[in-house]
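In: Got a predicted structure here, sequence first:
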4 protein chains.
Amino acid sequence: MQIFMTGGTIDKVYNPKNGELQLNETQIPAMLERARVTGLEVELETLMLKDSLDMQAPDREVIARACEQTRQQQVLITHGTDTMVDTAQRLAQMTSNKTIVLLGAMIPYRVAGSDALFNLGAAMAAVQCLPAGVYIAMSGRVFPWDQVVKDRAAAAFVDA
Amino acid sequence: MQIFMTGGTIDKVYNPKNGELQLNETQIPAMLERARVTGLEVELETLMLKDSLDMQAPDREVIARACEQTRQQQVLITHGTDTMVDTAQRLAQMTSNKTIVLLGAMIPYRVAGSDALFNLGAAMAAVQCLPAGVYIAMSGRVFPWDQVVKDRAAAAFVDA
Amino acid sequence: MQIFMTGGTIDKVYNPKNGELQLNETQIPAMLERARVTGLEVELETLMLKDSLDMQAPDREVIARACEQTRQQQVLITHGTDTMVDTAQRLAQMTSNKTIVLLGAMIPYRVAGSDALFNLGAAMAAVQCLPAGVYIAMSGRVFPWDQVVKDRAAAAFVDA
Amino acid sequence: MQIFMTGGTIDKVYNPKNGELQLNETQIPAMLERARVTGLEVELETLMLKDSLDMQAPDREVIARACEQTRQQQVLITHGTDTMVDTAQRLAQMTSNKTIVLLGAMIPYRVAGSDALFNLGAAMAAVQCLPAGVYIAMSGRVFPWDQVVKDRAAAAFVDA
């Protein structure tokens, strides 16, 4: 399994010097250790650490190329929620026999009440269970990429 | 989706009066709220709150009957890890077109570093993605019930 | 003992709808329950919920008047760190035989790794042990109000 | 300031291999880092890691000798709650001009809802504010050693 990190809310940490939530380093390795993942080959690579509102077309090309080049069939991508569907759409344009699942969080992993660990578990199970395609694992569900939108007012992913 | 709670490590809480970890009430509703589950019909029922080492054959009949009687096709069961495979084996004897996924935790939800929320996410995704059958979602993987054992020394579920 | 809440980092919570840390409600009652405070009469009053950079002279008059009017001799004030010393200075101008201790947090109570609970413990002990005066309990120390400054670069309170 | 660690509930961690809470290593350095203690010279020494029900007279002699020998005037001792008062009584028999504050926790630091960080903050402030003597900082209060008992049914320290 390959996990690509791209940033987003899931990885934000609090900076006590300026009072801001920032993207300094990924929390995914700490989450995986906590998940007690055993017997899986998991390759990790941080492609970028960006708020997904700051992602541009070239960023999505970086992600697409990484998905194409990995030798793994199962690919997880951590991503900000605001443009997660846009990236999924770009990835769906690839001719690929890979299973790709995007995930993120509505509340940072390092903030009380975070959904991050749940979503990582959901995505990791989904990528092992689903056929080739591009999916989003959020809000307790696993959506094909073209059947989901983020409902910003509800802070949830819902049927498109 | 139906979720049956039966107890196990996942639900243990610390009792400051005697210094013991105890099964007083289920933590699953709190975990689901935190997971921000949206757009799913989830029915919850606590069948028992037992350490799985204390489960006997009649307990497994209670669980099997509950699985048969629920009108939901997707069934999650929270369960202690020590005899999770035994219960899965009993459930596999039913003629059923349901997808049943068992999950638990190596560290209680209310203890630092718990894998509980990850495992609940994994099981909830698995039950939505898999065909009828009985599965176990633990240690970052989704196992068919007859291909998994608990490795007590490693505190992990591994290939049988 | 009287506890006045005025806001600041200690009380900030994450809003998943806009990704901001906000002051919506105080976390102090939850912290006190967790502290298992027993055998003390504690009166709580929220005077305001402000980032201390947004506090003006009239806000400090509100706090000073509340300190004068409470019938308690021991007064805690939760406060943002950036102007905590300014408020302490204003309170020191009162003729008072009360012991007043200000506290806050460098990391919100609801963010991983928070110092909030430690600081509340320190302030609550200090107010019970010290003679009349105005003090600041931060960074593991208890300072007389006129012997302390916030070192913003270090995110710590140090000797003036 | 000197901090002696002796064990007790505050330091217990969950062992996923046997499902027990155990005393393997002290959590106090992690708690101090989180407390953001700044500008204090703090010396740490683990004297033992015992459940206080297992402490015997020789253990108390070890603690007493350590208190006598440290060059610090301010001494904190982390300790199990069940015999904390007994150890305090032994330490009060020393002729000493030191301020000694004992603390512990009703819920382990690594369990949700722990009072450990609050109690450490309270004890650290108390040891800086109080004259020579032996004290216990628990349940939100600072008690002289001979005016406090543990109320086991309430899981709280109360007036003797």
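Out: On my side now, so go ahead. No experiment lies behind these values; they were computed from the predicted model shown. Numbering: from 1, shown residues only, chains lettered A, B, ... in the order given.
In: Please tell me how far the residue nearest the centre of chain A sits from residue A:4.
Out: By Cα atoms, centre = their mean, chain A has its centre lying nearest to residue A:78, at 2.1 Å. In this view, residue A:78 and residue A:4 are 7 Å apart by Cβ to Cβ, to the nearest Å. From N, CA and C alone the C-beta is placed, and that goes for glycine too.
In: For residue A:60, which residues are in contact?
Out: Applying Cβ atoms under 8 Å, 6 or more residues apart in numbering or on different chains to residue A:60 gives the contacts A:86-87, A:90-91.
In: filter the residues you listed to the buried ones?
Out: Neighbour counting with 16 or more other Cβ atoms under 10 Å in any protein chain shown marks A:87, A:90-91 as buried within the contacts of residue A:60.
In: And the residue sitting furthest away from the middle of chain A, what's its pLDDT?
Out: When distances to the mean C-alpha position of chain A are computed (Cα atoms, centre = their mean), the maximum falls on residue A:17, with 28.0 Å. pLDDT recorded at residue A:17 is 95.
In: my guess is it contacts residue C:152, does it?
Out: Yes. Between residue A:17 and residue C:152 a contact is recorded at 6.9 Å, counting by Cβ atoms under 8 Å.
In: any chance you could map the helices in chain A?
Out: Assigned by DSSP state H, chain A shows helices spanning A:28-35, A:57-69, A:84-92, A:116-129.
In: Tabulate those helices (TSV), appending mean pLDDT.
Out: As requested, the helices of chain A are exported to TSV (pLDDT from 0 to 100):
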stretch	mean pLDDT
helix A:28-35	97
helix A:57-69	97
helix A:84-92	98
helix A:116-129	98
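In: Nearest approach to residue C:144 belongs to which of these?
Out: Closest approach to residue C:144 among the helices of chain A (Cβ to Cβ): helix A:28-35, 40.3 Å.
In: For the residue nearest to the centre of chain A, give the beta-bridge partners.
Out: residue A:5, residue A:103 (DSSP bridges).
In: For chain B, see how far away it is.
Out: Distance check for residue A:78 against chain B: by Cβ to the nearest Cβ, to the nearest Å, it reads 14 Å.
In: Quickly note the distance from that residue to residue D:113.
Out: Taking Cβ to Cβ, one finds residue A:78 at 29 Å from residue D:113.
In: Could you do residue A:147 as well?
Out: Using Cβ to Cβ, residue A:147 is found at 40 Å from residue D:113.
In: Kindly report the same for residue A:155.
Out: According to Cβ to Cβ, residue A:155 and residue D:113 sit 26 Å apart.
In: Of those two, give the one with the bigger neighbour count.
Out: Ranked by neighbour count (other Cβ atoms under 10 Å in any protein chain shown), residue A:155 and residue D:113 place residue A:155 first, with 19 against 14.
In: I'd assumed residue A:106 was in contact with the more buried one.
Out: Yes. Counting by Cβ under 8 Å, residue A:106 is a contact partner of residue A:155 at 5.0 Å.
In: what touches both of the two?
Out: Residues touching both residue A:155 and residue A:106 by Cβ under 8 Å, 6+ apart: B:36, C:16.
In: Tell me the confidence at residue A:153?
Out: On the pLDDT scale, residue A:153 is placed at 95.
In: Who are the contact partners of it?
Out: residue C:17.
In: Quick check: phi and psi on it?
Out: With angles defined as degrees, to the nearest 10, residue A:153 sits at phi -60, psi -30.
In: need the contact list for the spatially closest residue to the residue farthest from the centre of chain A that is not a sequence neighbour.
Out: Distance criterion Cβ to Cβ, 6 or more residues apart in numbering or on different chains; nearest residue to residue A:17, sequence neighbours excluded, is residue C:155 at 4.9 Å. By Cβ under 8 Å, 6+ apart, the contact set of residue C:155 is A:16-17, C:106, D:36.
In: Report the two of these separated the most.
Out: A:17 and D:36 (11.7 Å).
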